[in-house]
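>>> Return a 3D structure for these sequence lines:
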Amino acid sequence: MNENVPVDPRLQGFVVVTEVAEGQVLAEDIFQAKYRAAAPGHGHHIFAFLRLGAGWQVGSYINYLPHRDAMLVGGACTDGTVLAQCPAAQRDLLRQAGGLMLQTVRYAEHRFSRQSVGTFGHCGDARSWSVLAQCGYQRLDHPYLIVRWNHRLVADEEAALVASVAALGEF
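Residues are numbered from 1 along each chain as shown. Next comes the predicted model:
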């Protein structure tokens with residue numbers, strides 16, 4: 001794994017977090033199970049793969065989509081059936097490291113931090129919020145809109161960007 005990417009070192013050897021181009025096909029099963037919808041065919045596909053026996057399985061997925069000078073995050077999902085196949089010692093290490101979603105978000109935030117002024121998401125789920133808050137997200141003056149700023153803008157530009165994201169509705 002790349003030492004510059006903040007994946008917990010305790011997971012080395014059995015977790016790999018990476019972006020996969022054209023990753024929709026790999027995300028389809030996990031996304032269908034969580035959302036009962038097709039996986040996104042757009043954006044950046046970020047995966048956490050778990051080594052199980054001699055092979056690798058998709059353990060977690062999240063999608064990042066460029067919007068203006070920012071990113072939109074959505075579609076976070078983790079496959080509990082894959083996690084259940086891990087040996088107990090590995091499951092304990094995953095819990096200690098904050099779980100797979102935390103690893104995928106940290107990887108993606110690091111990956112896109114230089115090219116994005118911030119990442120916006122919609123979050124109404126307490127479990128997801130507990131992970132996103134650990135990654136620096138904050139709630140905005142909107143029922144579900146959240147942001148993690150990489151670079152602050154002047155007030156007018158920031159307000160225009162937030163308004164443009166809010167106008168998108170759920171993403």
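>>> how about low-confidence regions in the protein?
Scanning the chain with the threshold set as pLDDT under 70 gives 1-5.
>>> which stretches of the protein form strands?
Counting by DSSP state E, the segments of the chain that form strands are 15-19, 44-52, 55-67, 70-78, 118-122, 138-139, 145-149.
>>> Now render those as TSV, adding mean neighbour count.
In this view, the C-beta of every residue, glycine as well, is placed from N, C-alpha and C. Putting the strands of the chain into TSV (neighbours: other C-beta atoms under 10 Å) gives the following:
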stretch	mean neighbour count
strand 15-19	20
strand 44-52	21
strand 55-67	21
strand 70-78	22
strand 118-122	24
strand 138-139	12
strand 145-149	19
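>>> Now stretch 143-150 - C-alpha only, PDB.
Output of stretch 143-150 as PDB, limited to C-alpha atoms (Å, rounded to 0.1, in the frame of the first residue of the first chain):
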ATOM      1  CA  PRO A 143     -31.200  19.500   6.700                       C
ATOM      2  CA  TYR A 144     -28.700  16.900   5.300                       C
ATOM      3  CA  LEU A 145     -26.000  18.800   3.500                       C
ATOM      4  CA  ILE A 146     -22.500  18.300   4.800                       C
ATOM      5  CA  VAL A 147     -19.000  19.500   3.700                       C
ATOM      6  CA  ARG A 148     -15.400  18.800   4.300                       C
ATOM      7  CA  TRP A 149     -13.300  21.800   3.200                       C
ATOM      8  CA  ASN A 150      -9.900  21.300   1.800                       C
END
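>>> ok, residues contacting that stretch?
Stretch 143-150 has contacts (C-beta atoms under 8 Å, 6 or more residues apart in numbering) with 109, 112-114, 116-124, 129, 132, 135-140, 162, 165-166, 170.
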